[in-house]
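Asker: Take a look and give me a structure for this.
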Amino acid sequence: MIRLDTYLQDYIEKKYGTKLSRSYIERLLMSGGVTYNNEIIKKKGFSFNPDKQVPLLDEEKVQQMIAVYSTGVRQDAEADAWDASEKDIELDERRVARAGDLKPSIIFESDDVLAVNKPPGVLSHPGRGDRGADSMVYQFIKYMRREHRYIPRAGLLHRLDKDTQGVLLFAKNMETYNSIKAQFQQRTLQKYYVARCEFTASLHPKLSKAIEYLRKASLPSLQKYASVPELVKAVTMSQKPIVLDGYIGRKKGTPYMVYQADEREKSNLIGIKPCRSDIYIIAVNETEVDLLFIPHTGRTHQIRAQARFLGAPVKNDPMYGYSNTHTGTLGLTAVSVLFELKGKVQQISLKISEIA
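Answerer: Model prediction:
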């Protein structure tokens with residue numbers, strides 16, 4: 001015996017070359033596109049013996065479902081499914097109506113991907129307890145309805161902290177969503193962050209030694225680079241990275257994440273997970289040090305906690321900084337994302353002038 005939804009996923013992938021998600025299989029069933037023993041079957045949990053009899057599919061409905069899945073375009077403008085990554089969050093039409101204008105934030109758009117420069121102070125996605133705050137997801141929905149007259153069955157591919165600005169990716173169809181999301185999960189997609197950090201008297205020896213060595217090389221300022229890809233290439237080819245390959249977890253009784261390099265100290269933390277970043281020095285002066293972070297894991301507050309560990313907390317960080325008073329924009333910017341789509345490597349970056 002085999003479940004109908006499992007059978008349909010495998011059968012459609014083999015015959016048409018597209019693996020529909022379970023939600024799309026369910027929609028095919030609800031549309032009356034599958035019959036078994038001359039009866040329309042709508043229950044995804046229906047079981048049968050494929051050696052005795054197999055279901056029949058409505059060819060036209062299957063092709064329509066594949067077209068919707070691949071392009072994101074639905075015939076009705078009011079798509080009921082809006083973000084595959086946040087299925088437990090209901091679409092609140094009032095917040096969509098109040099959402100800000102996404103258009104000024106867009107830095108790249110194709111038939112498959114939309115990338116924005118998320119402003120600081122705006123949520124990446126709606127969540128419980130956010131008291132109706134605006135989010136980039138609601139702005140995305142509003143933009144897609146207005147400009148393209150549909151909501152894709154796709155959406156937000158990753159998140160940035162509320163106060164972090166920079167490159168945020170959305171998928172405009174499920175094929176793209178599944179492809180890029182898999183790269184996030186498999187850690188083959190590469191993200192780059194620039195952290196403007198405080199130069200303190202408590203620098204970790206790893207960072208202190210690297211700064212002393214590179215000061216002799218007269219590092220150029222951040223603004224001297226023509227582009228983010230040029231910046232990344234220059235620093236990664238001229239330096240050995242400071243590698244932080246340890247653990248991160250929440251400090252008991254607090255909301256704070258703590259990075260620890262020593263495995264023996266893990267007992268002090270809750271929800272401990274491996275955590276790694278490669279770090280390069282971009283520029284340094286008497287009060288600040290600009291660092292390029294290349295994270296290989298995507299942990300909550302990873303960069304901010306690791307910057308604190310290095311004794312160089314991100315500038316204007318109220319949670320991980322040394323001072324109790326912090327004003328101004330958080331000095332952390334997601335500057336670039338490198339991924340593969342349809343057999344081609346694609347890099348989306350901010351301009352140097354857009355880095356906080």
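
Asker: got any ranges where the protein has weak pLDDT?
Answerer: Across the chain, the ranges flagged by pLDDT under 70 are 70-91, 127-131, 153, 216-217, 263, 265-267, 324-326.

Asker: Next, find the distance separating S353 from S218.
Answerer: Noted for S353: a distance of 23 Å to S218, by Cβ to Cβ, to the nearest Å. Where C-beta positions appear, they are placed from N, C-alpha and C, glycine not excepted.

Asker: what does P295 give?
Answerer: 28 Å.

Asker: Looking only at neighbour counts, state which of these two leads.
Answerer: Between P295 and S218, counted using other Cβ atoms under 10 Å, the more crowded position is P295 (20 against 6).

Asker: any idea how far that one is from Y192?
Answerer: Relative to Y192, and taking Cβ to Cβ, P295 is found at 9 Å.

Asker: Strands of the stretch 151-300 of the chain, start to end?
Answerer: 155-156, 165-171, 190-198, 242-251, 257-260, 269-284, 288-295 (DSSP state E, counting those that start in this stretch).

Asker: roughly how far apart are the one residue sitting closest to the centre of the chain and L56?
Answerer: Central residue of the chain (Cα atoms, centre = their mean): H158, 1.6 Å from the mean position. For H158, the distance to L56 equals 40 Å [Cβ to Cβ].

Asker: what's the most buried one of the strands of the stretch 151-300 of the chain?
Answerer: The highest average neighbour count among the strands of the stretch 151-300 of the chain, using mean count of other Cβ atoms under 10 Å, belongs to strand 165-171 at a mean of 26.

Asker: How about the contacts made by R304?
Answerer: 161, 257, 313-314, 317, 319-320, 332 (Cβ atoms under 8 Å, 6 or more residues apart in numbering).

Asker: Including secondary structure and distance to N117, could the residues you listed go into JSON lines?
Answerer: Formatted as JSON lines, those follow (DSSP: H, G, I helix; E, B strand; the rest coil; distance: Cβ to Cβ, whole Å):
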{"residue": "D161", "secondary structure": "coil", "distance to N117": "15"}
{"residue": "M257", "secondary structure": "strand", "distance to N117": "25"}
{"residue": "P313", "secondary structure": "coil", "distance to N117": "24"}
{"residue": "V314", "secondary structure": "strand", "distance to N117": "18"}
{"residue": "D317", "secondary structure": "coil", "distance to N117": "20"}
{"residue": "M319", "secondary structure": "coil", "distance to N117": "23"}
{"residue": "Y320", "secondary structure": "coil", "distance to N117": "23"}
{"residue": "L332", "secondary structure": "strand", "distance to N117": "14"}
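
Asker: Can I get the residues you listed in TSV including distance to N285?
Answerer: Listed next are the contacts of R304 as TSV, based on distance: Cβ to Cβ, whole Å:
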residue	distance to N285
D161	26
M257	28
P313	16
V314	16
D317	19
M319	24
Y320	21
L332	18
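
Asker: Is there a neighbour count for R159? I'd like the number.
Answerer: Every residue meeting other Cβ under 10 Å relative to R159 is counted, giving 18.

Asker: so what's it closest to, chain neighbours aside?
Answerer: Excluding its sequence neighbours, the residue lying closest to R159 (Cβ to Cβ, 6 or more residues apart in numbering) is S124, at 4.1 Å.

Asker: Give me the phi and psi for that neighbour.
Answerer: Main-chain torsions, S124, degrees, to the nearest 10: phi -70, psi -40.

Asker: Can you name the residues that contact it?
Answerer: Residues counted as contacts of S124 (Cβ under 8 Å, 6+ apart) are 118, 135-137, 156, 158-160, 162, 168.

Asker: before we move on, what about G45?
Answerer: Per Cβ under 8 Å, 6+ apart, neighbours of G45: 3-5.

Asker: now V337
Answerer: Contacts for V337 were tallied using Cβ under 8 Å, 6+ apart; they are 115, 167, 169, 189-192, 347-349.

Asker: again, only this time at 10 Å
Answerer: Counting by Cβ atoms under 10 Å, 6 or more residues apart in numbering, V337 touches 108, 113, 115, 157-158, 166-169, 180, 183-184, 189-192, 346-349.
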